[in-house]
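>>> have a look at this fold, sequence not included:
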């Protein structure tokens, strides 16, 4: 470990960062003992107190555990940064079907008005002229950008100029390109922990070094953001995925201040803010400082997954490089889907569809809460706010680990946990994630009954020593 | 410079590589003097002969120039690897229109049967079911992959299993993902020089270190490929862009052998092999060893530029990683365009369209050759084979530099040069690139007349000291 004396980052932070990087990159393995504070302090020629403080910071974030009379050890089960290994817990790519499937982030396709999309596509096919079959630029069609700007204003109160909106091949592409967009700084990207593993993999595959920042019920905790380290902070302020909280106002102010002071960007992923069932729509972070926020929006949750159109709103300073990157990635988006979507927005049939889906999902959410109340005797608690397509539920007396998930799957139930979505493990072991958007009230009820049975049979198997 | 003694790469090659990297990355600027062979040999503790040999290799490839009695200097005008600067010569992104436009790689959109594509899209919209609006996997639709396999067999004699074909968002996306696909080796990618600047930028933006390999009338020159350096070699064997040669059979064998010995891949970009006007279709390199060739195909040249569908044929060893990369880049391609294209291929209307376009382009090529013959008195020579959408013409008594191109543009003529497409400058200064696919015989004739006038006025201005 090389420490830089007289650096603006205090020595204890340097020790902490160094150890954290080693842990996240696998240089210090799960369960491995850290050197004693006495040894490390003499080795580094710093006071023992400084080392103790660094260890305490690691402990507070769950990177290491300490039991009296034993050495401080790396927490077990920390997700390794290469990511792939942890995927084995989620059979995302296998096509097994489950009797009860509480997968998150799935809109209800059966409620999608396919005839409406067909009509928009036919109209697009009739109206597009041969010039539209030529290259049209990486920004996207001006008519779609104009309609998105109008929708952002009427749906979310955002004032955005069409020329600051850039069409993408879905939110995934936006997140794929952002690391390259910001790479010149050479800094890392801070991300929420827990978060969506797909998001994690996208940023990681794009070459970012990622640093987890803890999240609580009020969203990301800005006090964990250190100066000088990050080119950007990824966050889901309107509805944290997966914990469900709305980012607290004071934290918003702190984040904007951080971004300004550090010349960093806030990546605001507004992945499902259309579906909010209580209270006013949350004002996006973007409105606080359009020059420091990169706003990422998607249509695949509100329309259908296969639509490969999303958008990103970019500060002016990044727009030119963005166009270059997009041009050399896949040139541009399909003119047909862009035209159809623009027409769907222009006619406001999009708004009506969202209104309908919001009511549908709200009913399903209520059905899920009723089913949980009817079926479970033991205490449970909903985390987060009334929004989105999934519910985070805490069962304070339970621990949901990987072997529990396997047990569920063997019973035909697909469910996930906040623990699975966590980078630093061990902090969210009693929370389940229940995706309900794609399920009818009956399917929800049946699934919750199955869940209860799974919890009970797993507990009794565990007691009798049978479980996995 | 750090040399590794006892390394498998001889010392002279190490010196050569080191200097070449410095030149390409801008560490040694255009016109800068290299140290004398005497100084460098004593500094590196190697024989002066070794340094001389390294300098001669650099000279043979045009990286440095040497005049008797003067120090060896870096050639002027070498393209710097960051690329952007050189783009100023081509107003690709400005929307200026030119009276005479010989841009390359443009299909004739006015000859595209838009009604046919509309019909295919409408049929796709009618037939796709709601399940097709869900995520369908990064490989692409099986029916499209099956139709592409059938087309490759009847059009090019290639036997490919549909499951080895992966749909992409155009050839650009294939080339965007390939560097990440091969990144684990940590090696560079060798590319043809001259080449398409868009290809260069795509691989460069994707994080590759690129090494130019000289091309002559028989394609890439395998004797310039060094062992141990490259994870892949990018090439256009059927119709080298821009020089137009077909890769010679002996070179094909050498390349395959190289790939096998080095555990490297050949990236075969078959960007316009549909349009071949003389002789049999060229058998793709792919057929020689499907486990060592990555075959990249596109539809944007044969159909229309805005169609964001291409494909890549991958060796089995790379397929799993490919799917991962695509998933975290933009998930998948549009189901609508995939279905419409599959139908176009299935009904063979695609084949008929290509046949029609081939005849059209062949006539235009003939018109271009006639116009050149009628209008120019001075000697000129066609380079390359009778294929594609552009012609490379050599005027042995002329030098076409950047100021000539500006002169043409001022006269309303857009044209490009092989020199512009070269990484190592100075080797192709007498060759013009004339894109004719999108022009009528009259437009071609008018353009060539304008070209002649430009050449003459430029020469006389140059003589009188007025040029530029």
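On my side now, so go ahead. It should be emphasised that the depicted structure is a prediction, and the values quoted were computed from it without experimental measurement.

>>> next, count neighbours for residue A:70.
Residue A:70 has 9 neighbouring residues, counting by other CB atoms under 10 Å in any protein chain shown. C-beta: built from backbone N, CA, C; applies to glycine.

>>> Three-state assignment for it, please.
Following DSSP: H, G, I helix; E, B strand; the rest coil, we place residue A:70 in the coil state.

>>> also residue A:191?
strand.

>>> which residue packs closest to it, ignoring adjacent ones?
Once flanking residues are discounted, residue A:191 sits nearest to residue A:234: 4.4 Å by CB to CB, 6 or more residues apart in numbering or on different chains.

>>> please verify my assumption that the one you found contacts residue A:189.
Yes: under the criterion of CB atoms under 8 Å, residue A:234 makes contact with residue A:189 at 6.1 Å.

>>> just list the residues touching residue A:419, thanks.
By CB atoms under 8 Å, 6 or more residues apart in numbering or on different chains, the residues touching residue A:419 are A:400, A:401, A:425, A:426, A:428, A:429, A:431.

>>> correction: the previous question concerned residue A:53.
Contacts of residue A:53 (CB under 8 Å, 6+ apart): residue A:12.

>>> name the helices or strands packed onto the helix or strand harbouring residue A:198?
Take DSSP states H and E as the rule and residue A:198 turns out to sit in helix A:197-205. Other helices and strands packing on helix A:197-205, by 3 or more CB pairs under 8 Å, 6 or more residues apart in numbering or on different chains; DSSP states H and E, are helix A:170-181, strand A:188-193, strand A:210-216.

>>> off-centre distance for it?
Centre-to-centre, helix A:197-205 and its host chain are 9 Å apart (CA atoms, centre = their mean, to the nearest Å).

>>> now do stretch A:63-75
How far stretch A:63-75 lies from its chain's middle: 29 Å, per CA atoms, centre = their mean.

>>> same check, this time on stretch A:204-212
14 Å.

>>> do the same with stretch A:183-198
The answer for stretch A:183-198 is 11 Å, by CA atoms, centre = their mean.

>>> kindly check the end-to-end length of that stretch for me.
With CA to CA, to the nearest Å applied, stretch A:183-198 spans 20 Å between its terminal residues.

>>> report the buried residues of it.
Neighbour counts using 16 or more other CB atoms under 10 Å in any protein chain shown place A:183, A:187-198 of stretch A:183-198 among the buried residues.

>>> again with stretch A:439-450
Using 16+ other CB under 10 Å as the test for burial, stretch A:439-450 gives A:439, A:443, A:444, A:445, A:446, A:447, A:448, A:450.

>>> for stretch A:310-324, same thing?
Using 16+ other CB under 10 Å as the test for burial, stretch A:310-324 gives A:310, A:311, A:312, A:313, A:314, A:315, A:318, A:321, A:322, A:323, A:324.

>>> the residue lying closest to the fourth one once chain neighbours are set aside: what secondary structure?
Excluding its sequence neighbours, the residue lying closest to residue A:313 (CB to CB, 6+ apart) is residue A:295, at 4.1 Å. Assigned with three-state DSSP, residue A:295 falls in the strand class.

>>> turn the helices and strands packed on helix A:197-205 into CSV, columns for distance to residue A:120 and mean pLDDT.
Output for those, formatted as CSV (distance: least, CB to CB, whole Å; pLDDT from 0 to 100):
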stretch, distance to residue A:120, mean pLDDT
helix A:170-181, 18, 97
strand A:188-193, 35, 96
strand A:210-216, 38, 94
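
>>> now render these as JSON lines, adding distance to residue B:396.
Shown next, in JSON lines, are the helices and strands packed on helix A:197-205 (distance: least, CB to CB, whole Å):
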{"stretch": "helix A:170-181", "distance to residue B:396": "43"}
{"stretch": "strand A:188-193", "distance to residue B:396": "55"}
{"stretch": "strand A:210-216", "distance to residue B:396": "57"}
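
>>> quick one: which of the ones you listed is nearest residue A:290?
helix A:170-181 (15.9 Å; CB to CB).

>>> can you list the residues of the stretch 1-150 of chain A near chain B?
The stretch 1-150 of chain A has residues A:84, A:109-110, A:112, A:114, A:117-118, A:121-122, A:125-126, A:130-136 near chain B, with proximity defined as CB under 8 Å from any CB of the partner chain.

>>> go with 7 Å
Residues of the stretch 1-150 of chain A lying close to chain B (CB under 7 Å from any CB of the partner chain) are A:109-110, A:112, A:114, A:118, A:121-122, A:125, A:130, A:132-136.

>>> quick check on the residues you listed: which are buried?
Looks like the residues of the stretch 1-150 of chain A next to chain B have A:109, A:112, A:114, A:118, A:121, A:122, A:125, A:132, A:133, A:136 buried, using 16+ other CB under 10 Å.

>>> contacting residues for the fourth one?
Counting by CB atoms under 7 Å, 6 or more residues apart in numbering or on different chains, residue A:118 makes contact with residue B:125.

>>> could you redo the last one with a cut-off of 10 Å?
A:340, B:122, B:124, B:125, B:126, B:128, B:336 (CB atoms under 10 Å, 6 or more residues apart in numbering or on different chains).

>>> determine the longest helix present in chain A.
helix A:349-375 (DSSP state H).
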